[in-house]
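1. Just need the structure, nothing else, for what follows:
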Amino acid sequence: MKKMIYTLCLALMALCACGGDDNPADSGGGRVIVDQSFELPGTSFQEFTFSVDTDVQQNVRLQGQFEVTGGNIQVALMNRENFESWQRGETPQVLYGSGSVPGSTFLVPIESSGFYFLVFSNTTDTASKSITTEVRLLISAEDNEG
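-> Residues are numbered from 1 along each chain as shown. Now for the predicted structure:
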């Protein structure tokens, strides 16, 4: 009975993680955090937020890539506390920091529950940049009961 409930919970989590999207191309590909192209004006940033609950989500990883046209940007992943610290001009602790680059790919494990911020930053340049990015939250659960 316990295994049946666990299986039903996993099925419900999978449905919720997909956001109810009926697009078969997204099946098994994780929850989309961002999949778009956008302009990032000089001296600005764009953040994308998502939450993780490690009580029900196991082996959570953020996987993505980005490409920049017009120069370099910085991309960082941080929790809410560190995002607020960064906004105050302090140096945050990040789970991922790209450095100033024209593009990159990443796979970052997320081990704690909470709200997370994926930040695309162009704050050190006055020129606008074009960003193309695709980022997904990958989640898998393991049945350790055998």
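2. okay, and the helix or strand of this structure with the least pLDDT?
-> helix 2-17 (a mean of 38; mean pLDDT, DSSP states H and E).
3. Chain neighbours aside, what residue packs nearest to residue 111?
-> For residue 111, ignoring the flanking residues on the chain, the nearest one in space by C-beta to C-beta, 6 or more residues apart in numbering is residue 54 at 6.8 Å. For glycine as for every other residue, the C-beta is placed from the backbone atoms N, C-alpha and C.
4. hang on, the one you found in a strand?
-> No: counting by DSSP: H, G, I helix; E, B strand; the rest coil, residue 54 is located in no strand; its state is coil.
5. What strand or helix carries residue 82?
-> According to DSSP states H and E, residue 82 maps onto helix 80-87.
6. can you list the residues that contact that helix?
-> 47, 76, 78, 91-94, 114-117, 119 (C-beta atoms under 8 Å, 6 or more residues apart in numbering).
7. taking those one by one, which sit in helices?
-> Per DSSP state H, helices hold no members of the contacts of helix 80-87.
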